[in-house]
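Student: Predicted model and sequence below, questions to follow.
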Amino acid sequence: MMTEKVVLITGAGRGIGAATAKLFAEKGYAVCINYKANSKAANLLADEISATGAKCITVQADVSQEDDVKRLFSIIEQELGAISVLVNNAGILHQQTRLEEMTAERINTILINNVTSYFLCSREAVKRMSTRHGGKGGVIVNVSSGAARTGSPNEYIDYAASKGAIDTLTKGLSLEVAAEGIRVNCVRPGLIYTDMHADGGEPERIARLKSKIPLQRGGQPAEVAEAIYWLASDKSSFSTGNYLDLSGGL
Ligand code: NAP
């Protein structure tokens, strides 16, 4: 009998994470939907996934907090079994502004939510996946952003810099664990239709920018999910430390 593979997707109640959770469930994974505050969205998604017969749990945990991350991983172990795939996806951005207006509090909040969280979840995953620790290997997919390349001037260079850190984490960690059965890659989405743009104060941001996108449209969360799934699957078995841009050519 084949053992069911287990995936943790952080920040999976909404947006790209939610589309990714649905796709992994369709492909036969047992899915852990992590969320921070919006239990309603996470539970609705879990009901939708469970109705298809897939195994699915929701776990509230602020992945920027070490104790929450430890609790999250031990719940997964108890309820679903050994983790095979970690998708580091949870992320935030704040109101569009220039550097002169950024407080240390704002910058630190962005960094712990977008960077510390990926480090902590990756650490717990590596401890369980690495053959060095008796694990069977696994895959980590980081959701970075095209912002790591553009720097997001006049919008949120704090957010863009946090994603630059994720690109570097992807490279360094991939090399650190390459001989231990773990692949680490990242996707770098461009403009994707989710709630995130409203958090920056411009819900219609994609409408303003889409004529600059060579494909002339924003992307859908499901299109990002497909790339994440590919990087998690054996179809990408020779890829590690790589970045997959999903930006409609921008
Ligand atoms: P979204 O719709 O705003 O959803 C963000 C998700 O992250 C929510 O489920 C939220 O939980 C969760 N979250 C935030 N901080 C968390 C924390 N500390 N602990 C646990 N969960 C947390 O965003 P999205 O657009 O899907 O973004 C997903 C990822 O894609 C992010 O890393 C983002 O930077 C990246 N990205 C997005 C775009 C885009 O155009 N949308 C482009 C490039 C990259 P709650 O639901 O509980 O609030």
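Tutor: That came through fine.
Student: does the ligand sit close to the lengthiest helix in the chain?
Tutor: In the chain, with assignment by DSSP state H, the single longest helix is helix 157-177. No. Using C-beta under 6 Å from any ligand atom, we find that helix 157-177 stays clear of the ligand, coming within 6.6 Å at best. All C-beta atoms are positioned from the backbone trio N, CA, C, and that covers glycine.
Student: now swap in stretch 8-17 and tell me
Tutor: Yes. Counting by C-beta under 6 Å from any ligand atom, the ligand has neighbours in stretch 8-17: 10-11, 13-17.
Student: Give me the mean pLDDT for that stretch.
Tutor: For stretch 8-17, mean pLDDT rounds to 98.
Student: what pLDDT, on average, does stretch 158-171 get?
Tutor: pLDDT averaged over stretch 158-171 gives 98.
Student: all numbers from here: first residue = 57
Tutor: Yep, numbering from 57; the last one is stretch 214-227 now.
Student: in that stretch, what's buried?
Tutor: Of the residues in stretch 214-227, 214-223, 225-227 count as buried by neighbour count, 16 or more other C-beta atoms under 10 Å.
Student: and if you look at stretch 280-294?
Tutor: 280-281, 283-285, 287-288, 292.
Student: Tabulate the residues you listed (CSV), appending pLDDT and distance to S201.
Tutor: Listed next are those as CSV, based on pLDDT from 0 to 100; distance: C-beta to C-beta, whole Å:
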residue, pLDDT, distance to S201
V280, 98, 11
A281, 98, 16
A283, 98, 13
I284, 98, 13
Y285, 98, 19
L287, 98, 15
A288, 98, 19
S292, 98, 20
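Student: ranges for the helices of the protein?
Tutor: Here the chain has its helices, by DSSP H, at 71-82, 95-106, 122-135, 160-167, 173-185, 203-206, 213-233, 252-255, 261-265, 277-288.
Student: Point out the most buried one among the ones you listed.
Tutor: When the helices of the chain are scored by mean count of other C-beta atoms under 10 Å, the highest mean neighbour count falls to helix 71-82 (a mean of 25).
Student: Quick one: list the elements packing against that one.
Tutor: strand 62-65, strand 86-91, helix 95-106, strand 141-144, helix 277-288 (3 or more C-beta pairs under 8 Å, 6 or more residues apart in numbering; DSSP states H and E).
Student: okay, that helix in PDB with CA atoms only?
Tutor: Output of helix 71-82 as PDB, limited to C-alpha atoms (Å, rounded to 0.1, in the frame of the first residue of the first chain):
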ATOM      1  CA  GLY A  71      -5.100  33.300  -2.000                       C
ATOM      2  CA  ILE A  72      -2.200  31.400  -3.500                       C
ATOM      3  CA  GLY A  73      -2.000  29.100  -0.500                       C
ATOM      4  CA  ALA A  74      -5.600  28.100  -0.800                       C
ATOM      5  CA  ALA A  75      -5.300  27.300  -4.500                       C
ATOM      6  CA  THR A  76      -2.200  25.200  -3.700                       C
ATOM      7  CA  ALA A  77      -4.000  23.300  -0.900                       C
ATOM      8  CA  LYS A  78      -6.800  22.400  -3.300                       C
ATOM      9  CA  LEU A  79      -4.400  21.200  -6.000                       C
ATOM     10  CA  PHE A  80      -2.300  19.000  -3.600                       C
ATOM     11  CA  ALA A  81      -5.500  17.500  -2.200                       C
ATOM     12  CA  GLU A  82      -6.700  16.700  -5.700                       C
END
